[in-house]
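Colleague: What follows is a predicted structure for the sequence shown.
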Amino acid sequence: MIESFELHVIDGIPQLIFVRSSYTIETVEAERISVDHVAHLKPADGGSAATQLAAHLRGIHSAIKMLNSRIRVLHHYLQAMQKGDILCENSLLRQVSSLLRRLPAIESVKFQDDFLMEYK
């Protein structure tokens with residue numbers, strides 16, 4: 001329950017009156033986890049929580065950049081292997097295939113539904 005103002009006309013005079021109104025907050029699990037994580041950030045070195053959050057986000061950004069560069073190296077290697085510029089190594093192809101099977105499929109119906117729900 002929350003208290004809010006409503007405009008009522010009493011004896012021909014408009015007046016703002018406190019009224020109780022019910023509400024619900026709907027969130028998804030990812031939002032709750034994110035808010036909980038940010039709420040519990042504690043500066044270790046006396047800095048502000050915002051400074052610590054910025055450092056954390058810089059770390060995530062660096063990790064994503066590194067992942068992107070490694071995927072790019074694999075992609076170029078596989079293209080060269082496909083063209084015949086590099087000798088085909090079946091053991092390496094099995095490792096790449098195993099790695100790709102662990103990644104979520106973007107083309108799946110569940111992914112599309114989850115993505116559209118988050119987007120809306």
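Modeller: Yep, it's here.
Colleague: Identify, by residue count, the longest helix of this protein.
Modeller: helix 49-83 (DSSP state H).
Colleague: List the contacts of the most centrally placed residue in the chain.
Modeller: Centroid check for the chain by CA atoms, centre = their mean gives A30 as the closest residue, at 7.1 Å. Counting by CB atoms under 8 Å, 6 or more residues apart in numbering, A30 touches E118. For every residue, glycine as well, the C-beta is placed using N, CA and C.
Colleague: That one: what secondary structure?
Modeller: Classification of A30 by DSSP: H, G, I helix; E, B strand; the rest coil places it in helix.
Colleague: before we move on, what about L87?
Modeller: Under three-state DSSP, L87 comes out as coil.
Colleague: which residues touch it?
Modeller: So L87 contacts M81 (CB under 8 Å, 6+ apart).
Colleague: how much space is there between it and R70?
Modeller: 21 Å (CB to CB, to the nearest Å).
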